[in-house]
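Colleague: Need a 3D model of the following:
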Amino acid sequence: MNRKNNKVIIVCDTTTEMLMADSELRSCNIVFQLVPTPSQYGSICSTSIALEETYKSQAKAVLANIKINYNIYPYEVKRLTGLMAALKKEGLTTEFQVIINKIELGHELTKEDIIILLNAKEALEVKTLFSIADRFRKEIVGDVVEIRGAIEFSNYCAKSCNYCGIRKGCNSTKRYRMKEEEIIEAAVELNRLGIRTVILQSGEDDYYDIDTMCSIIKRIKLETKMGITLSIGEKSREDYLKLREAGANNFLLKIETTNREVFKNIHPDNDYDTRIECAKWLKELGYVNGSGNMIGLPGQKIEDIAEDILYFKEMGIHMIGIGPFLPATDTPFENLPPGSVDMTLKAIAVTRIVCKNVFLPATTALASIDPDGQRKALEVGANTIMLISTPEKYRASYQLYKNKNMVDIKSAIEAIKNANRRLPKYLKLTEKEEL
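Modeller: Model (predicted):
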């Protein structure tokens, strides 16, 4: 779809109605995209249908055949009024100022624009970039930081990703699998804290078949009513559907890089096209779709990071985890240098500017390489923190990389307060935790 064409957006009342509209429009060969709903029209977690204005009448005629509630709005890009007037332009290059002007006017950024922003090195340019991203964050998703809890229920994995500390060939890793009851208990404990979304994360471990995973999902829903995010790797479309029908809301399947050669180098037994196909299935099935990349991978260029950001936008990704590459013990990449904190922060900032109404975590990897990393991320566009909520007896064995920071509620609160952001009202904290 040409990014410069005028577009409209179809916003349905429910995910079920959106999927019905998606199916009906697809059957009539109407070209459209599934995108995160703009903040002025709905929730950050919802998906809407964007299409060229020339298809508007045809789409309305098609949707008249099914009983759904929806509205059609102009698909307007968020603008930041008064941006140029507020900036100190001395010290900013002309090309940098041109991009800022495009942002103020609501024009979509090109790959070349994104590369220029990522290449910002002068202190004033970097400060300006971060300030713009933080303003987008404030105006679109507000000051409250979403807090979620991750239960890493198995560190067995069938894959041999060259960067990962739980890869199949890691002989030094002490393997574990949590029992179903342990997983439920950990989720219930998160619920007692007030957390509204639990992330069930593991290696690609077929020990937990789809029936078992569906049972776990249903029990968590029954006992806690929590939102459920899955991060369990590549599955068949049929399996993704079963998990969705069981009650899974979100799915995190990171692309890591959109450069095919780099992807193959880091994932020797994965296929790039399969990863893309899985991401498309997740979107079609109505999941709140998560992805992300690593900054500093061997062979990665600035141009690749720009392509990653455009991929997140074009795929309508809702949750985008951006963290530095960190080497893991007993892996082929063990002795490689870690990714740059500064480049990671710039990537987060540019992603907020380009993708706008999305969840952007202040990642655990950032907290692991820089003790103040999560606070820094929250100041440049991030709006989510994930707690490590794996039971303590297993926690140290889920080492995706060296020196992993076990982010807990205390450190999350500290980062949020130091970034002058607000805690979510749903948290149920003790007086000690609130201090």
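Colleague: Domains in this protein, by residue range?
Modeller: Following automatic domain parsing, one gets these domains for the chain: 7-74, 83-140, 146-434.
Colleague: Mean neighbour count, these: which tops it?
Modeller: Of all the domains of the chain, domain 146-434 carries the top mean neighbour count, a mean of 19, counting by mean count of other Cβ atoms under 10 Å. Just so you know, the C-beta spots here come from the backbone N, C-alpha and C atoms, and that holds for glycine as well.
Colleague: tell me the mean pLDDT over it?
Modeller: Here domain 146-434 scores 96 as its mean pLDDT.
Colleague: what's the offset of that domain from the middle of its chain?
Modeller: 8 Å (Cα atoms, centre = their mean, to the nearest Å).
Colleague: same deal with stretch 145-162?
Modeller: Using Cα atoms, centre = their mean, the distance between the centre of stretch 145-162 and that of its chain works out at 14 Å.
Colleague: going forward can the numbers begin at 604, since that is how I track them
Modeller: With 604 as the first residue, the last one maps to stretch 748-765.
Colleague: measure that stretch end to end?
Modeller: End-to-end span of stretch 748-765 (Cα to Cα, to the nearest Å): 33 Å.
Colleague: So residue 787, which state does it fall into?
Modeller: Counting by DSSP: H, G, I helix; E, B strand; the rest coil, the backbone at residue 787 sits in helix.
Colleague: With residue 819 instead?
Modeller: The three-state assignment at residue 819 reads helix, by three-state DSSP.
Colleague: all strands for this protein, in order.
Modeller: Counting by DSSP state E, residue ranges of the strands within the chain are 610-615, 636-639, 650-655, 673-677, 749-757, 800-805, 830-834, 853-855, 891-898, 922-927, 987-991.
Colleague: Figure out which of those strands is closest to residue 866.
Modeller: Taking Cβ to Cβ, strand 891-898 is the member of these nearest to residue 866, at 10.4 Å.
Colleague: for the closest one, packing partners?
Modeller: Using 3 or more Cβ pairs under 8 Å, 6 or more residues apart in numbering; DSSP states H and E as the contact test, the elements touching strand 891-898 are strand 830-834, strand 853-855, helix 875-887, helix 905-917, strand 922-927, helix 944-958.
Colleague: need the ones you listed in CSV with distance to residue 1009, can you?
Modeller: Output for those, formatted as CSV (distance: least, Cβ to Cβ, whole Å):
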stretch, distance to residue 1009
strand 830-834, 17
strand 853-855, 19
helix 875-887, 28
helix 905-917, 27
strand 922-927, 15
helix 944-958, 19
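Colleague: now for these, which one comes closest to residue 615?
Modeller: Among the helices and strands packed on strand 891-898, the nearest to residue 615 by Cβ to Cβ is helix 875-887 (14.7 Å).
Colleague: list the contacts for residue 895?
Modeller: Neighbouring residues of residue 895 by Cβ atoms under 8 Å, 6 or more residues apart in numbering: 855, 857-859, 922-926.
Colleague: That one pairs with what?
Modeller: Applying DSSP bridges to residue 895 yields these beta-bridge partners: residue 924.
Colleague: quick one: it from residue 748, how far?
Modeller: 18 Å (Cβ to Cβ, to the nearest Å).
Colleague: So residue 923 sits against residue 916, correct?
Modeller: No: applying Cβ atoms under 8 Å, one finds residue 923 not in contact with residue 916, separated by 9.6 Å.
Colleague: Tabulate the strands of the chain (a markdown table), appending distance to residue 1033.
Modeller: Formatted as a markdown table, these follow (distance: least, Cβ to Cβ, whole Å):
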| stretch | distance to residue 1033 |
| --- | --- |
| strand 610-615 | 40 |
| strand 636-639 | 35 |
| strand 650-655 | 37 |
| strand 673-677 | 44 |
| strand 749-757 | 15 |
| strand 800-805 | 20 |
| strand 830-834 | 24 |
| strand 853-855 | 28 |
| strand 891-898 | 31 |
| strand 922-927 | 29 |
| strand 987-991 | 15 |
